[in-house]
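[1] with the sequence up front, the predicted model follows.
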Amino acid sequence: ELVDLPVHYRGSHLTKAEKPVARGFLRVTDHIFPAKGLAGEQSGRLELARWLTHPQHPLTSRLIVNRIWQWNFGNGIVETSNNFGTRGAEPSHPALLDYLATQFIELGWSVKKLNREILLSQTWRLSTDAHASEADKDPENRFLWRMNRRRLEAEAIRDAMLAVSGRLDPRMSGRVDEYNPGRGERDRFVFREGAAWFELKEKLFIAPRRSVYLPVIRNALNPMLAIFDYTDASAPVGKRNATVVATQALLMMNSAFVVTQAEAFAERILQEVSTDETARINSAFVRAYGRPPRASEVVDAAAFLTAMEVRTKPKFAWARFCHVLFANSEFIYVE
């Protein structure tokens, strides 16, 4: 049934206005692009969608392209991506924001096509190298004289280790139940007060699926996601924090998950690459960092492998070497 409802003062269902208010849309943008009125037989949902996505609407396309810019550069053109109001930050490049919004609409609201436009730009292809003269003028790099150095998000760090180790299950959608059969869903995905964490982690997060498919339990997060600034699942977050704390390095050194992926990575190198040690070192660097090793790195890696093999087998040595590659900052940062 289509009805008009009274306003709830301060959002409380206990304090309602005496009379209902006619259904309608946001009025603050009426001077730019007014919304049409609603007929009695219209609920307003379809009309709201059409109003929001109209090419003349001043906010929708700008909000979206600002998020896309933020995903690529670490900061949005408007830093307060959740607040485009008068209390939010002003855009650093207002003309660029307008241009991207116009392009986005002309490209059929295609995120993929807009990403291509941005990634082919000279600005996106800049290096992260700093220069003293530019840094003095713009220390926060708001005018993008270089690329921002960014850390991967928590999910990407976990997925990258699974991918490099060869254990990532790339299937789309679905559930992760098959990786922990035998117990009821409630026991697997509900945190019980008093239950030991070391008992839970093996039951909840063993699936080698992309992190987006893992269960999110707010009071029992996957430790890797939690330490690398996973968001609060109970609230909208416009931009994640990217802290650098000692516990992150400790997790990369001591986590059973990281050790397991390093061992799988080592097995993959030993099986898929020829017995030549230098060729294996080159392959490991390319797979982990996307680049071949420098000459000094080859020498250091060979010395490390030799030291490890003095007291144990080659498989152990390569597993420790792959673990070092994972624990290095280069693995989790994008230059």
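    Structure received.
[2] for the rest of this, base every contact and every neighbour count on C-alpha atoms.
    Will do.
[3] how many neighbours does the closest residue to residue 119 other than its chain neighbours have?
    In this structure, residue 119 finds its nearest non-sequential neighbour in residue 125, 7.2 Å apart by Cα to Cα, 6 or more residues apart in numbering. Using other Cα atoms under 10 Å, residue 125 has 12 neighbouring residues.
[4] lowest-pLDDT helix or strand in the protein?
    helix 185-189 (a mean of 49; mean pLDDT, DSSP states H and E).
[5] can you pull up the most central residue in the chain?
    Closest residue to the average C-alpha location of the chain: residue 153 at 4.3 Å, with Cα atoms, centre = their mean.
[6] now that residue: closest residue in space that isn't a chain neighbour?
    Nearest to residue 153 is residue 228, by Cα to Cα, 6+ apart, at 7.2 Å.
[7] just give me the longest helix of the protein.
    Determined from DSSP state H, the single longest helix within the chain is helix 256-272.
[8] elements contacting that one?
    helix 154-165, helix 277-289, helix 314-327 (3 or more Cα pairs under 8 Å, 6 or more residues apart in numbering; DSSP states H and E).
[9] mean pLDDT and distance to residue 214 added to those helices, as TSV?
    Shown next, in TSV, are the helices and strands packed on helix 256-272 (pLDDT from 0 to 100; distance: least, Cα to Cα, whole Å):
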stretch	mean pLDDT	distance to residue 214
helix 154-165	94	10
helix 277-289	95	23
helix 314-327	93	22
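[10] coming back round to it: show me the contacts for the residue nearest to the centre of the chain.
    228-230 (Cα atoms under 8 Å, 6 or more residues apart in numbering).
[11] which parts of the protein are strands?
    5-8, 16-21, 150-151, 333-334 (DSSP state E).
[12] deepest of those strands, which one?
    strand 150-151 (a mean of 18; mean count of other Cα atoms under 10 Å).
[13] packing partners for it?
    Against strand 150-151 (3+ Cα pairs under 8 Å, 6+ apart) you get strand 333-334.
[14] off-centre distance for the strand it packs on?
    Distance of strand 333-334 from the chain centroid (Cα atoms, centre = their mean, to the nearest Å) equals 12 Å.
[15] identify the residues contacting that strand?
    With Cα under 8 Å, 6+ apart as the criterion, strand 333-334 contacts 149-152.
[16] closest to residue 63 among these?
    residue 150 (21.8 Å; Cα to Cα).
[17] ok, what's across the strand from the closest one?
    Taking DSSP bridges as the rule, residue 150 bridges to residue 334.
[18] what residues does it make contact with?
    Counting by Cα under 8 Å, 6+ apart, residue 150 has contacts 74, 333-335.
[19] equivalent analysis for residue 99, please.
    So residue 99 contacts nothing (Cα under 8 Å, 6+ apart).
[20] from residue 165, how far off is it?
    42 Å (Cα to Cα, to the nearest Å).
[21] try residue 57
    For residue 57, the distance to residue 165 - Cα to Cα - is 47 Å.
[22] between the two, point out the one with more neighbours.
    Each of residue 57 and residue 165 has its neighbours counted (other Cα under 10 Å); residue 165 has more, 22 against 18.
[23] list the contacts of the more buried one.
    261-266, 268.
[24] make CSV out of those residues and add distance to residue 140.
    Formatted as CSV, those follow (distance: Cα to Cα, whole Å):
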residue, distance to residue 140
261, 36
262, 36
263, 40
264, 40
265, 38
266, 40
268, 42
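[25] with respect to residue 67, which of these is nearest?
    For the contacts of residue 165, the nearest to residue 67 is residue 261 (32.4 Å; Cα to Cα).
[26] give the contact list for the closest one.
    Here residue 261 is in contact with 161-162, 165, 167 (Cα under 8 Å, 6+ apart).
[27] now for those: which two are most distant?
    Longest span within these, Cα to Cα: 161 and 167, 8.6 Å.
[28] the more surrounded of those two?
    Taking other Cα under 10 Å, residue 161 and residue 167 do not tie; residue 161 has more neighbours (23 against 17).
[29] can you tell me how far that one is from residue 263?
    11 Å.
[30] with residue 80 instead?
    For residue 80, the distance to residue 263 - Cα to Cα - is 42 Å.
[31] more crowded one of these two?
    Per other Cα under 10 Å, whichever of residue 80 and residue 263 has more neighbours is residue 263, with 21 against 18.
[32] thinking that one is in contact with residue 322, fair?
    Yes: with contact defined as Cα atoms under 8 Å, residue 263 counts as touching residue 322 (7.4 Å).
[33] which residue packs closest to residue 110, ignoring adjacent ones?
    residue 104 (6.7 Å).
[34] that neighbour: what's it in contact with?
    61, 65, 110-111, 114 are the contacts of residue 104 under Cα under 8 Å, 6+ apart.
[35] could you take those residues and lay them out as JSON lines, with extra columns for distance to residue 287, pLDDT and neighbour count?
    Converted to JSON lines, those look like this (distance: Cα to Cα, whole Å; pLDDT from 0 to 100; neighbours: other Cα atoms under 10 Å):
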{"residue": "61", "distance to residue 287": "37", "pLDDT": "94", "neighbour count": "23"}
{"residue": "65", "distance to residue 287": "32", "pLDDT": "96", "neighbour count": "25"}
{"residue": "110", "distance to residue 287": "31", "pLDDT": "96", "neighbour count": "12"}
{"residue": "111", "distance to residue 287": "28", "pLDDT": "96", "neighbour count": "14"}
{"residue": "114", "distance to residue 287": "28", "pLDDT": "96", "neighbour count": "21"}
